[in-house]
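Visitor: need a 3D model of the sequence below.
(one chain, ligands or ions: 1)
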Amino acid sequence: MRDLQALPKAHLHLHFTGSMRVSTLKDMAQSQGIRLPENLTDNTALQVPADQRGWFRFQRAYDAARKVVRSEEAMRRIVREAAEDEAREGSKRLEIQIDPTSYAPFVGGITPALEIVLDEATLASRDTGVQVAIVVAASRLKHPLDARILARLAAKHAGEGAGQVVGFGLSNDERRGNTPEWAGAFDIARKAGLASVPHGGELLGPEHIRDIVTALKPRRLGHGVRAAEDPALLEYIVDNGIALEVCPASNVQLGVYNSLGDVPLRTLLKAGAQIALGADDPLLFLSRLTDQYENARKLGLDDYEISLLAHSSISASLASPSDKERWHDEIDAWLAAPDPVSDPASDPEPDPHAA
Ligand SMILES: [Zn+2]
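Guide: Numbers count the residues shown, from 1 in each chain. Take a look at the predicted model:
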(Lines give C-alpha, C1' and ligand atoms only; values in the text may rest on other atoms or scores of the structure.)
Protein backbone atom coordinates (compact mmCIF):
# COMPACT_ATOMS: atom_id res chain seq x y z
CA MET A 1 0.00 0.00 0.00
CA ARG A 2 2.34 2.67 -1.25
CA ASP A 3 1.46 6.37 -1.07
CA LEU A 4 -0.66 7.17 -4.13
CA GLN A 5 -0.06 10.87 -3.69
CA ALA A 6 3.63 10.20 -4.31
CA LEU A 7 2.97 8.10 -7.40
CA PRO A 8 4.20 10.01 -10.47
CA LYS A 9 1.39 10.39 -13.00
CA ALA A 10 -0.12 12.57 -15.73
CA HIS A 11 -3.45 14.33 -15.47
CA LEU A 12 -5.05 14.53 -18.90
CA HIS A 13 -8.69 15.34 -18.17
CA LEU A 14 -9.20 18.49 -16.16
CA HIS A 15 -11.31 21.52 -17.10
CA PHE A 16 -10.18 25.07 -16.43
CA THR A 17 -13.10 26.33 -14.31
CA GLY A 18 -13.75 22.85 -12.93
CA SER A 19 -10.22 22.71 -11.53
CA MET A 20 -10.91 25.58 -9.12
CA ARG A 21 -10.67 25.16 -5.37
CA VAL A 22 -13.99 25.70 -3.62
CA SER A 23 -12.27 28.32 -1.42
CA THR A 24 -11.07 30.20 -4.51
CA LEU A 25 -14.52 30.17 -6.04
CA LYS A 26 -16.02 31.56 -2.81
CA ASP A 27 -13.30 34.15 -2.60
CA MET A 28 -13.77 35.34 -6.18
CA ALA A 29 -17.55 35.44 -5.83
CA GLN A 30 -17.37 37.41 -2.60
CA SER A 31 -14.99 40.02 -3.95
CA GLN A 32 -17.40 40.71 -6.82
CA GLY A 33 -20.58 40.52 -4.77
CA ILE A 34 -21.80 37.47 -6.70
CA ARG A 35 -24.11 35.04 -4.91
CA LEU A 36 -23.32 31.41 -5.57
CA PRO A 37 -25.85 28.56 -5.56
CA GLU A 38 -25.49 26.63 -2.32
CA ASN A 39 -24.70 23.33 -4.00
CA LEU A 40 -21.45 24.85 -5.23
CA THR A 41 -20.11 25.59 -1.80
CA ASP A 42 -21.75 23.21 0.65
CA ASN A 43 -19.40 20.24 0.07
CA THR A 44 -22.24 17.79 -0.48
CA ALA A 45 -21.41 16.83 -4.08
CA LEU A 46 -20.95 13.18 -3.26
CA GLN A 47 -24.17 12.89 -1.26
CA VAL A 48 -26.47 13.72 -4.15
CA PRO A 49 -29.05 10.91 -4.47
CA ALA A 50 -28.60 8.86 -7.66
CA ASP A 51 -31.90 10.01 -9.13
CA GLN A 52 -30.97 13.68 -8.81
CA ARG A 53 -27.63 13.43 -10.54
CA GLY A 54 -27.28 14.25 -14.15
CA TRP A 55 -26.05 16.59 -16.79
CA PHE A 56 -28.34 19.57 -16.30
CA ARG A 57 -27.71 19.92 -12.61
CA PHE A 58 -24.01 19.77 -13.45
CA GLN A 59 -24.25 22.32 -16.25
CA ARG A 60 -26.10 24.84 -14.08
CA ALA A 61 -23.43 24.55 -11.42
CA TYR A 62 -20.62 24.85 -13.94
CA ASP A 63 -22.15 27.94 -15.54
CA ALA A 64 -22.53 29.58 -12.14
CA ALA A 65 -18.89 28.92 -11.35
CA ARG A 66 -17.72 30.23 -14.71
CA LYS A 67 -19.54 33.51 -14.10
CA VAL A 68 -17.09 34.51 -11.38
CA VAL A 69 -14.09 34.19 -13.70
CA ARG A 70 -14.01 37.65 -15.23
CA SER A 71 -10.47 38.95 -15.26
CA GLU A 72 -6.91 38.17 -16.24
CA GLU A 73 -6.05 37.92 -12.57
CA ALA A 74 -8.75 35.30 -11.98
CA MET A 75 -7.62 33.28 -15.00
CA ARG A 76 -4.00 33.33 -13.89
CA ARG A 77 -4.98 32.31 -10.36
CA ILE A 78 -6.87 29.26 -11.67
CA VAL A 79 -3.95 28.01 -13.76
CA ARG A 80 -1.47 28.58 -10.95
CA GLU A 81 -3.55 26.88 -8.27
CA ALA A 82 -4.29 23.96 -10.58
CA ALA A 83 -0.53 23.48 -11.05
CA GLU A 84 0.09 23.76 -7.30
CA ASP A 85 -2.62 21.21 -6.54
CA GLU A 86 -1.28 18.85 -9.17
CA ALA A 87 2.22 19.14 -7.72
CA ARG A 88 0.87 18.03 -4.34
CA GLU A 89 -0.70 14.98 -5.99
CA GLY A 90 2.41 13.73 -7.72
CA SER A 91 1.39 14.92 -11.16
CA LYS A 92 4.32 15.42 -13.51
CA ARG A 93 2.25 16.62 -16.43
CA LEU A 94 -1.08 18.41 -16.59
CA GLU A 95 -3.01 18.86 -19.84
CA ILE A 96 -5.74 21.27 -18.79
CA GLN A 97 -8.56 22.10 -21.16
CA ILE A 98 -10.13 25.43 -21.80
CA ASP A 99 -12.58 27.04 -24.17
CA PRO A 100 -11.16 30.58 -24.26
CA THR A 101 -14.43 31.89 -25.74
CA SER A 102 -16.05 31.86 -22.28
CA TYR A 103 -13.51 34.32 -20.84
CA ALA A 104 -12.83 36.37 -23.98
CA PRO A 105 -15.31 39.20 -23.16
CA PHE A 106 -13.39 40.13 -19.99
CA VAL A 107 -9.87 40.20 -21.40
CA GLY A 108 -10.27 41.57 -24.91
CA GLY A 109 -10.95 38.52 -27.08
CA ILE A 110 -10.14 34.85 -27.52
CA THR A 111 -6.52 35.52 -28.49
CA PRO A 112 -5.58 37.30 -25.24
CA ALA A 113 -7.72 34.80 -23.29
CA LEU A 114 -5.64 31.92 -24.60
CA GLU A 115 -2.35 33.80 -24.32
CA ILE A 116 -2.97 34.60 -20.65
CA VAL A 117 -3.49 30.92 -19.94
CA LEU A 118 -0.42 29.87 -21.93
CA ASP A 119 1.75 32.47 -20.24
CA GLU A 120 0.62 31.49 -16.75
CA ALA A 121 1.04 27.81 -17.63
CA THR A 122 4.67 28.53 -18.51
CA LEU A 123 5.26 30.43 -15.26
CA ALA A 124 3.42 27.89 -13.09
CA SER A 125 5.34 25.01 -14.70
CA ARG A 126 8.61 26.70 -13.81
CA ASP A 127 7.54 27.34 -10.22
CA THR A 128 5.83 24.04 -9.39
CA GLY A 129 7.75 21.52 -11.48
CA VAL A 130 4.52 20.26 -13.02
CA GLN A 131 4.60 20.56 -16.79
CA VAL A 132 1.37 22.35 -17.65
CA ALA A 133 0.21 22.11 -21.27
CA ILE A 134 -3.09 23.24 -22.75
CA VAL A 135 -5.92 21.58 -24.64
CA VAL A 136 -8.14 24.07 -26.46
CA ALA A 137 -11.68 22.73 -26.48
CA ALA A 138 -14.55 23.80 -28.68
CA SER A 139 -18.10 23.53 -27.35
CA ARG A 140 -20.91 21.41 -28.72
CA LEU A 141 -23.26 24.25 -27.78
CA LYS A 142 -21.73 26.58 -30.34
CA HIS A 143 -21.61 26.59 -34.13
CA PRO A 144 -19.00 24.30 -35.73
CA LEU A 145 -17.60 27.35 -37.55
CA ASP A 146 -16.67 28.82 -34.16
CA ALA A 147 -14.72 25.63 -33.56
CA ARG A 148 -12.72 26.29 -36.73
CA ILE A 149 -11.77 29.75 -35.47
CA LEU A 150 -10.60 28.18 -32.21
CA ALA A 151 -8.69 25.48 -34.06
CA ARG A 152 -6.80 28.11 -36.09
CA LEU A 153 -5.95 29.99 -32.90
CA ALA A 154 -4.84 26.78 -31.15
CA ALA A 155 -2.72 25.84 -34.17
CA LYS A 156 -0.63 29.01 -33.76
CA HIS A 157 0.52 27.82 -30.34
CA ALA A 158 1.01 24.15 -31.14
CA GLY A 159 3.82 22.36 -29.33
CA GLU A 160 4.40 19.64 -26.76
CA GLY A 161 5.80 21.38 -23.73
CA ALA A 162 4.81 23.71 -20.91
CA GLY A 163 2.71 26.69 -21.95
CA GLN A 164 1.94 25.24 -25.37
CA VAL A 165 -1.23 23.90 -26.92
CA VAL A 166 -0.99 20.14 -27.33
CA GLY A 167 -4.49 19.06 -28.26
CA PHE A 168 -7.87 20.09 -29.57
CA GLY A 169 -11.04 18.94 -27.83
CA LEU A 170 -14.80 19.10 -28.04
CA SER A 171 -16.65 19.43 -24.79
CA ASN A 172 -20.04 20.09 -23.25
CA ASP A 173 -23.24 18.03 -23.57
CA GLU A 174 -22.40 15.01 -25.75
CA ARG A 175 -26.00 14.80 -26.89
CA ARG A 176 -25.87 18.17 -28.64
CA GLY A 177 -24.91 18.76 -32.26
CA ASN A 178 -24.02 16.51 -35.14
CA THR A 179 -20.49 15.16 -34.64
CA PRO A 180 -19.31 15.08 -38.30
CA GLU A 181 -19.88 18.85 -38.51
CA TRP A 182 -16.83 19.37 -36.28
CA ALA A 183 -14.55 17.32 -38.55
CA GLY A 184 -13.35 20.48 -40.34
CA ALA A 185 -12.12 22.08 -37.11
CA PHE A 186 -10.37 18.87 -36.08
CA ASP A 187 -8.70 18.65 -39.52
CA ILE A 188 -7.26 22.15 -39.03
CA ALA A 189 -5.98 21.17 -35.57
CA ARG A 190 -4.54 17.86 -36.71
CA LYS A 191 -2.68 19.46 -39.63
CA ALA A 192 -1.00 21.78 -37.11
CA GLY A 193 0.19 18.76 -35.14
CA LEU A 194 -2.42 18.97 -32.39
CA ALA A 195 -3.82 15.72 -31.05
CA SER A 196 -7.57 15.17 -31.36
CA VAL A 197 -8.98 14.70 -27.85
CA PRO A 198 -12.77 15.11 -27.99
CA HIS A 199 -15.21 14.10 -25.26
CA GLY A 200 -17.33 11.05 -25.99
CA GLY A 201 -18.62 7.84 -24.53
CA GLU A 202 -19.81 9.11 -21.17
CA LEU A 203 -23.42 10.24 -21.59
CA LEU A 204 -23.83 8.36 -24.86
CA GLY A 205 -22.84 4.85 -25.80
CA PRO A 206 -21.06 2.90 -28.53
CA GLU A 207 -22.91 4.28 -31.54
CA HIS A 208 -21.90 7.82 -30.67
CA ILE A 209 -18.33 6.76 -29.94
CA ARG A 210 -18.19 5.24 -33.43
CA ASP A 211 -19.28 8.58 -34.93
CA ILE A 212 -16.56 10.40 -33.03
CA VAL A 213 -13.87 7.88 -33.89
CA THR A 214 -14.78 8.08 -37.59
CA ALA A 215 -15.24 11.83 -37.89
CA LEU A 216 -12.73 13.28 -35.42
CA LYS A 217 -9.96 10.61 -35.48
CA PRO A 218 -9.15 10.90 -31.77
CA ARG A 219 -5.78 10.19 -30.20
CA ARG A 220 -7.67 10.05 -26.90
CA LEU A 221 -11.32 10.01 -25.95
CA GLY A 222 -12.49 12.19 -23.09
CA HIS A 223 -14.15 9.40 -21.07
CA GLY A 224 -14.89 6.66 -23.62
CA VAL A 225 -15.85 4.37 -20.72
CA ARG A 226 -19.01 3.22 -22.46
CA ALA A 227 -16.91 1.52 -25.14
CA ALA A 228 -16.97 -1.24 -22.53
CA GLU A 229 -20.53 -1.99 -23.71
CA ASP A 230 -19.32 -3.07 -27.15
CA PRO A 231 -16.38 -5.52 -27.28
CA ALA A 232 -15.79 -5.03 -31.04
CA LEU A 233 -15.62 -1.25 -30.64
CA LEU A 234 -13.36 -1.58 -27.61
CA GLU A 235 -11.06 -3.86 -29.59
CA TYR A 236 -10.94 -1.28 -32.39
CA ILE A 237 -10.08 1.47 -29.90
CA VAL A 238 -7.30 -0.62 -28.34
CA ASP A 239 -5.88 -1.72 -31.71
CA ASN A 240 -5.80 1.86 -32.95
CA GLY A 241 -4.03 3.20 -29.90
CA ILE A 242 -6.86 5.50 -28.84
CA ALA A 243 -6.41 6.20 -25.13
CA LEU A 244 -9.31 6.68 -22.72
CA GLU A 245 -9.44 9.49 -20.16
CA VAL A 246 -11.47 7.68 -17.52
CA CYS A 247 -13.00 9.87 -14.80
CA PRO A 248 -14.84 7.61 -12.34
CA ALA A 249 -16.09 10.35 -9.99
CA SER A 250 -17.55 12.26 -12.94
CA ASN A 251 -19.30 9.15 -14.24
CA VAL A 252 -21.00 8.58 -10.90
CA GLN A 253 -21.85 12.24 -10.34
CA LEU A 254 -23.45 12.50 -13.77
CA GLY A 255 -25.50 9.38 -13.09
CA VAL A 256 -23.82 7.26 -15.78
CA TYR A 257 -23.07 4.58 -13.18
CA ASN A 258 -24.67 4.10 -9.81
CA SER A 259 -21.51 3.68 -7.82
CA LEU A 260 -17.74 3.82 -8.25
CA GLY A 261 -17.72 0.01 -8.21
CA ASP A 262 -19.84 -0.01 -11.37
CA VAL A 263 -17.31 1.96 -13.46
CA PRO A 264 -16.01 -0.72 -15.87
CA LEU A 265 -12.31 -0.07 -15.22
CA ARG A 266 -11.50 -3.79 -15.00
CA THR A 267 -13.25 -4.52 -18.31
CA LEU A 268 -11.31 -1.76 -20.05
CA LEU A 269 -7.99 -2.88 -18.55
CA LYS A 270 -8.63 -6.50 -19.45
CA ALA A 271 -9.19 -5.47 -23.06
CA GLY A 272 -5.80 -3.75 -23.03
CA ALA A 273 -7.09 -0.17 -23.16
CA GLN A 274 -4.64 2.64 -22.53
CA ILE A 275 -6.18 4.51 -19.62
CA ALA A 276 -5.43 7.85 -18.02
CA LEU A 277 -7.47 8.42 -14.88
CA GLY A 278 -8.77 11.97 -14.56
CA ALA A 279 -10.79 14.12 -12.18
CA ASP A 280 -12.69 16.14 -14.83
CA ASP A 281 -14.11 18.83 -12.49
CA PRO A 282 -12.89 18.53 -8.89
CA LEU A 283 -14.70 21.77 -8.03
CA LEU A 284 -18.04 20.12 -8.65
CA PHE A 285 -17.29 16.47 -7.90
CA LEU A 286 -15.07 17.13 -4.86
CA SER A 287 -12.81 14.35 -6.00
CA ARG A 288 -9.28 14.96 -7.19
CA LEU A 289 -6.77 12.99 -9.24
CA THR A 290 -5.34 10.86 -6.44
CA ASP A 291 -8.89 9.97 -5.40
CA GLN A 292 -9.34 8.26 -8.77
CA TYR A 293 -6.29 6.10 -8.06
CA GLU A 294 -7.60 5.40 -4.56
CA ASN A 295 -10.77 4.20 -6.18
CA ALA A 296 -8.80 1.86 -8.46
CA ARG A 297 -7.23 0.43 -5.31
CA LYS A 298 -10.70 -0.08 -3.80
CA LEU A 299 -11.62 -2.04 -6.93
CA GLY A 300 -8.86 -4.45 -5.95
CA LEU A 301 -5.93 -3.26 -8.07
CA ASP A 302 -2.60 -3.87 -6.35
CA ASP A 303 0.34 -1.46 -6.40
CA TYR A 304 1.82 -3.09 -9.50
CA GLU A 305 -1.45 -2.70 -11.42
CA ILE A 306 -1.80 0.87 -10.18
CA SER A 307 1.73 1.64 -11.35
CA LEU A 308 0.69 0.37 -14.80
CA LEU A 309 -2.18 2.87 -14.75
CA ALA A 310 0.28 5.65 -13.99
CA HIS A 311 2.58 4.47 -16.80
CA SER A 312 -0.42 4.43 -19.07
CA SER A 313 -1.30 8.04 -18.17
CA ILE A 314 2.24 9.14 -19.05
CA SER A 315 2.18 7.21 -22.34
CA ALA A 316 -1.18 8.76 -23.25
CA SER A 317 0.08 12.26 -22.59
CA LEU A 318 1.33 14.44 -25.42
CA ALA A 319 4.66 15.20 -23.74
CA SER A 320 8.04 14.74 -25.41
CA PRO A 321 9.53 11.22 -25.53
CA SER A 322 12.43 12.23 -23.28
CA ASP A 323 10.12 13.65 -20.59
CA LYS A 324 7.97 10.53 -20.75
CA GLU A 325 11.01 8.30 -20.31
CA ARG A 326 12.05 10.20 -17.19
CA TRP A 327 8.61 9.92 -15.64
CA HIS A 328 8.33 6.21 -16.48
CA ASP A 329 11.59 5.71 -14.56
CA GLU A 330 10.17 7.64 -11.61
CA ILE A 331 7.10 5.39 -11.55
CA ASP A 332 9.36 2.33 -11.54
CA ALA A 333 11.25 3.83 -8.61
CA TRP A 334 7.95 4.36 -6.76
CA LEU A 335 7.12 0.67 -7.22
CA ALA A 336 10.63 -0.50 -6.37
CA ALA A 337 10.55 1.32 -3.03
CA PRO A 338 9.56 -0.88 -0.08
CA ASP A 339 5.85 -1.18 0.56
CA PRO A 340 5.36 0.42 4.00
CA VAL A 341 2.38 -1.79 4.88
CA SER A 342 3.25 -5.26 3.63
CA ASP A 343 6.88 -4.96 4.68
CA PRO A 344 7.06 -3.79 8.33
CA ALA A 345 10.86 -4.29 8.29
CA SER A 346 11.07 -1.29 6.02
CA ASP A 347 9.82 1.02 8.76
CA PRO A 348 12.80 3.01 9.91
CA GLU A 349 13.79 2.51 13.53
CA PRO A 350 13.07 5.58 15.65
CA ASP A 351 16.21 7.63 15.89
CA PRO A 352 17.25 7.77 19.57
CA HIS A 353 19.16 10.97 18.89
CA ALA A 354 16.19 12.76 17.44
CA ALA A 355 15.01 15.68 19.51
ZN1 LIG B 1 -14.67 16.61 -19.27
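Visitor: which strand or helix spans Ala61?
Guide: If you go by DSSP states H and E, Ala61 is part of helix 55-66.
Visitor: element containing the nearest residue to Arg76 once chain neighbours are set aside, please.
Guide: Counting by C-beta to C-beta, 6 or more residues apart in numbering, Arg76 lies nearest to Glu120, which is 4.4 Å off, once chain neighbours are set aside. Where you see a C-beta, it was placed from the backbone N, CA and C, and this is true even at glycine. Using DSSP H and E, the element containing Glu120 is helix 110-128.
Visitor: same check, this time on Ile96
Guide: strand 91-98.
Visitor: which elements pack onto the next helix or strand after that strand?
Guide: Downstream of strand 91-98, the first helix or strand assigned by DSSP H and E is helix 104-107. Applying 3 or more C-beta pairs under 8 Å, 6 or more residues apart in numbering; DSSP states H and E, one finds that helix 104-107 contacts helix 72-88, helix 110-128.
Visitor: would JSON lines of these with distance to Ala138 and mean pLDDT be doable?
Guide: Below are the helices and strands packed on helix 104-107 laid out as JSON lines (distance: least, C-beta to C-beta, whole Å; pLDDT from 0 to 100):
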{"stretch": "helix 72-88", "distance to Ala138": "19", "mean pLDDT": "98"}
{"stretch": "helix 110-128", "distance to Ala138": "11", "mean pLDDT": "98"}
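Visitor: any chance of the ones you listed in a markdown table, plus distance to Asp303 and mean neighbour count?
Guide: A markdown table is the format used below for those (distance: least, C-beta to C-beta, whole Å; neighbours: other C-beta atoms under 10 Å):
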| stretch | distance to Asp303 | mean neighbour count |
| --- | --- | --- |
| helix 72-88 | 20 | 20 |
| helix 110-128 | 26 | 20 |
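Visitor: wait, which of those helices is closest to Thr101?
Guide: Nearest to Thr101, of all the helices and strands packed on helix 104-107, is helix 110-128, at 5.7 Å by C-beta to C-beta.
Visitor: quick one: the closest one to strand 91-98, angle?
Guide: 170 degrees (axes from the mean of the first three to the mean of the last three C-alpha atoms, to 10 degrees).
Visitor: who touches helix 110-128?
Guide: 16, 72, 75-76, 79-80, 82-84, 86-87, 96, 98, 100-101, 103-104, 107, 130-134, 136, 149-150, 153-154, 157, 162-165 (C-beta atoms under 8 Å, 6 or more residues apart in numbering).
Visitor: what about it, distance to the chain center?
Guide: 17 Å (C-alpha atoms, centre = their mean, to the nearest Å).
Visitor: and whatever helix or strand comes next after that helix, what does it pack against?
Guide: Next helix or strand after helix 110-128 toward the C-terminus (DSSP H and E): strand 131-139. Counting contacts by 3+ C-beta pairs under 8 Å, 6+ apart, strand 131-139 packs against helix 72-88, strand 91-98, helix 110-128, helix 144-156, strand 165-171.
Visitor: kindly reformat those as CSV containing distance to Asp281.
Guide: Converted to CSV, the helices and strands packed on strand 131-139 look like this (distance: least, C-beta to C-beta, whole Å):
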stretch, distance to Asp281
helix 72-88, 12
strand 91-98, 11
helix 110-128, 17
helix 144-156, 20
strand 165-171, 11
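Visitor: I'd guessed Val132 sits against Ala83; true?
Guide: Yes. Assessed by C-beta atoms under 8 Å, Val132 is found in contact with Ala83 at 5.1 Å.
Visitor: shared neighbours of those two, anything?
Guide: Leu94, Ala121, Ala124, Ser125.
Visitor: in TSV, list these along with distance to Asp239.
Guide: Listed next are those as TSV, based on distance: C-beta to C-beta, whole Å:
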residue	distance to Asp239
Leu94	28
Ala121	33
Ala124	37
Ser125	34
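Visitor: measure Ile18 to Gly159 for me?
Guide: Quick fix: residue 18 reads Gly, not Ile. In this view, Gly18 and Gly159 are 24 Å apart by C-beta to C-beta, to the nearest Å.
Visitor: looking at these two, which one has more neighbours?
Guide: Of the pair Gly18 and Gly159, Gly18 is the one with more neighbours under other C-beta atoms under 10 Å, namely 24 against 16.
Visitor: where does pLDDT dip in the stretch 1-150 of the chain?
Guide: 42-54 (pLDDT under 70).
Visitor: could you say what helices and strands the host helix or strand of Ala296 packs with?
Guide: Take DSSP H and E as the rule and Ala296 turns out to sit in helix 289-298. Here helix 289-298 touches strand 9-15, helix 248-253, strand 275-277, helix 303-316, going by 3+ C-beta pairs under 8 Å, 6+ apart.
Visitor: between these, which one is closest to Asn240.
Guide: Comparing these under C-beta to C-beta, the one sitting nearest is helix 303-316, at 13.2 Å.
Visitor: got the contact list for the closest one?
Guide: Against helix 303-316 from outside (C-beta under 8 Å, 6+ apart): 1-2, 4, 7-12, 92-93, 220, 243, 245, 269, 274-277, 293, 296-297, 301, 324, 327-328, 331-332, 334-335, 339.
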